[in-house]
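Undergrad: Just to be clear, the model below is a prediction. Sequence and coordinates:
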Amino acid sequence: MRRIIAAALAALTAIALAAPAFAGSQPAGTVVDVAVAASGGGTFDGKETDYDVLVQAVLAAGLADALGDPEAKWTVFAPNDRAFKRLAADLTGAWPASEQTAFETIAGALASLDPNGDPIPLLREVLLYHVVGGKALKVKKVLGSRQLTMANEDTVRVRGRTLVDREPDLRNPRLVRSASNIAASNGVIHTLDRVLIPADLP
C-alpha cells in the first residue's frame, strides 16, 4: 500500500506541475487537471470539500491518462474527501482520522475482496462507476435523466439530486448543489457527497 501511495504522489507531482492555473470562467485543462488544481495539488490537506482522495485513487488505479485525454469527453461524478471519509466510516464503524486513513481503509477493504489481495482492479471498477464516457452532461441534463450508463457499463438511476447505486445498505450519494457544472476542456465535473458502489463488487 505504501508503494502505491508513493507512486501516486510521484505521478501527482508531475501532473500538478503541468496543470494550468484557473483563468476566469475558462476551463482549466482536462478533468484531471481541474480536480488536481481544485485540490491545491491533490496532496492530503485536511480540506474535506476537495478531491485529494479521488486524485490519489485515480492515479493509483492508472486512470489519469484516460481521463486526461484531451480528445475524450467525460462526465465525472466526483466524491469529495468527506464522501470517502463517510465510506471509510461505513466500512469500519469509526470516522477516519485523516484523508490518508480513509484512502488506506478503502484500499484495504478492496484488497480483502480481491482473490489476489490486489485493490487495483476493484478500485478501477469503483472509479469507472463514477464516469459517463463520450459526453459532457451538465447538471440539468443529469437531473432530466432517469438512468445513466457509466464507464464500467453498470447503471445509476437518477432520482432528483440523488444517484441511486447498487448498494442497498448504504445511503445513496447526492449531487452537491454548490459544486456542480465544474467545466473542464474535455468534460464536466459534478461533486458527490458519498461514493457510488457498483454491482460487481464481491
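TA: Yep, that arrived. Values in this document were obtained by computation on a predicted structure and should not be read as measured data. Residues are numbered from 1 along each chain as shown.
Undergrad: which residues of this structure score low on pLDDT?
TA: 1-27, 202 (pLDDT under 70).
Undergrad: ok, which stretches of it are helices?
TA: 2-18, 31-38, 52-60, 64-67, 81-92, 99-113, 120-128, 139-143 (DSSP state H).
Undergrad: would TSV of those helices with mean neighbour count and distance to residue 154 be doable?
TA: (Glycine included, C-beta is placed from N, CA and C.) Formatted as TSV, those follow (neighbours: other C-beta atoms under 10 Å; distance: least, C-beta to C-beta, whole Å):
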stretch	mean neighbour count	distance to residue 154
helix 2-18	15	24
helix 31-38	26	20
helix 52-60	27	18
helix 64-67	17	17
helix 81-92	21	17
helix 99-113	19	16
helix 120-128	20	8
helix 139-143	15	16
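Undergrad: Name the residues that touch stretch 96-107?
TA: Contacts with stretch 96-107, where a contact means C-beta atoms under 8 Å, 6 or more residues apart in numbering, come from 1, 4-5, 44-46, 48, 52-53, 56-57, 60, 81, 84-85, 87-89, 91-92, 119, 123.
Undergrad: does residue 109 really touch residue 89, like I thought?
TA: No. Look at residue 109 against residue 89 with C-beta atoms under 8 Å: they stay out of range, at 11.9 Å.
Undergrad: picking up where we left off before, of all the helices of the chain, which one is nearest residue 165?
TA: Ranking those by proximity to residue 165 (C-beta to C-beta) places helix 120-128 first, at 10.2 Å.
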